[in-house]
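Student: need coordinates for the below:
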Amino acid sequence: MEEEKKGFLGKLRDKYAEHKEAVEQKKLEKIEDEKQKAIDELATMMNKNLRDVAATPIELKPTTIGTTFGVTCGFTTTDNTPVASFITIESSTYKGFVDKVQAYPMIFMFGSYVDRSVPISMIAKKISTGFVRSERVLIPFQAQPNLQFDARTVWKNRLNWNPLIEALNKDKRIISALSSLSNEFAVSLSSKRWQTYKIEDQNEINLECMCQIVPYKNMTLIGLRSLGIYKVQMTGVVNLLRAIREQILSYGHTAPVNGHVAQDWIKVLIYVMTNYFEPIKQEFSSE
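Tutor: Residues are numbered from 1 along each chain as shown. The predicted structure follows:
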């Protein structure tokens, strides 16, 4: 009886709703397939490019942190450097003759830690360091309520400076690798339209940054992030973590310090590290 009451238009609406639901379900299944494909390709790339660096094969674990989907991994390098990573997997629809779903790694975050503190937190900012030249340099960071942050002023006047910061900035391996990190990634949405994502770390009066070094009690946490890393850059990121750790260990600071966090993205890396490295898990689970 209900079917008869609906009439022709009612039945047509039902058919259209069923079709729309089926199309949406198919699209969701396609997105999941593309995400898995992106993860598989990423795992292959990481294992290929880090095969001489990682002590064991790298396994990527699909993970949702907050509302962000991605993959995590944790491994130790051949020289015992602990490395953890969270890489976001994004998806979009390419508008062409036929809509095409695509998935791709977007934000690459890598972290490590050192069983040694540093005197103060540090962040990397891209600033002008000479005539028509700009680099990412490390500067101290200490939260100061009601004061306007200005990276150039900190850099120029060497505010809260110490010999470790000086050594890090004189290390050409570190500055070159930091300056090479990509802060931009473009996604094709159609044959004529692109969506560009950026990390505005060259703005000298905000805290956008692609590297944070944060002391916590008797250890130091190191976080890096970049957009769209591929191939040789992957090894460069791991070597950058190694070089930073090397300078911190050489400096030999021993007093416990609780530094300030400039941006919360490093907390994601800390969370990931608690799942892969027992010293971090013990330190943060005791709170």
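Student: grab the CA positions of stretch 56-71 and hand them over as CSV.
Tutor: Taking Å, rounded to 0.1, in the frame of the first residue of the first chain, the C-alpha atoms of stretch 56-71 are listed here in CSV:
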residue,chain,number,x,y,z
THR,A,56,65.5,-2.9,10.2
PRO,A,57,62.7,-2.7,7.5
ILE,A,58,60.3,0.1,8.1
GLU,A,59,56.7,-0.8,8.7
LEU,A,60,54.0,1.8,8.3
LYS,A,61,51.0,1.7,10.6
PRO,A,62,47.7,3.4,9.5
THR,A,63,46.8,5.7,12.3
THR,A,64,44.2,8.5,13.0
ILE,A,65,45.5,11.2,15.4
GLY,A,66,42.7,13.5,16.4
THR,A,67,40.8,13.9,13.1
THR,A,68,43.9,13.4,10.9
PHE,A,69,44.5,10.2,9.1
GLY,A,70,48.1,9.1,8.3
VAL,A,71,50.7,6.5,8.9
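Student: quick one: average pLDDT of it?
Tutor: Across stretch 56-71, the average pLDDT comes to 96.
Student: ok, stretch 160-168 next?
Tutor: 97.
Student: what's in contact with it?
Tutor: Residues outside stretch 160-168 that contact it (Cβ atoms under 8 Å, 6 or more residues apart in numbering) are 118-120, 122, 138-140, 142, 154, 174, 244, 247-248, 250-251, 253. From N, CA and C alone the C-beta is placed, and that goes for glycine too.
Student: and that stretch, how far out from the chain middle?
Tutor: Offset of stretch 160-168 from its chain centre (Cα atoms, centre = their mean, to the nearest Å): 25 Å.
Student: same question for stretch 176-187.
Tutor: The answer for stretch 176-187 is 11 Å, by Cα atoms, centre = their mean.
Student: extract the C-alpha set from it and format it as PDB.
Tutor: Provided in PDB are the C-alpha atoms of stretch 176-187 (Å, rounded to 0.1, in the frame of the first residue of the first chain):
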ATOM      1  CA  SER A 176      71.700  23.300   4.200                       C
ATOM      2  CA  ALA A 177      69.300  20.400   5.100                       C
ATOM      3  CA  LEU A 178      66.900  22.800   7.000                       C
ATOM      4  CA  SER A 179      66.900  25.200   4.100                       C
ATOM      5  CA  SER A 180      66.100  22.300   1.700                       C
ATOM      6  CA  LEU A 181      62.900  21.200   3.500                       C
ATOM      7  CA  SER A 182      59.900  21.800   1.300                       C
ATOM      8  CA  ASN A 183      57.300  24.300   2.700                       C
ATOM      9  CA  GLU A 184      55.000  24.000  -0.300                       C
ATOM     10  CA  PHE A 185      53.000  21.300  -2.000                       C
ATOM     11  CA  ALA A 186      50.700  21.600  -5.000                       C
ATOM     12  CA  VAL A 187      47.800  19.200  -5.800                       C
END
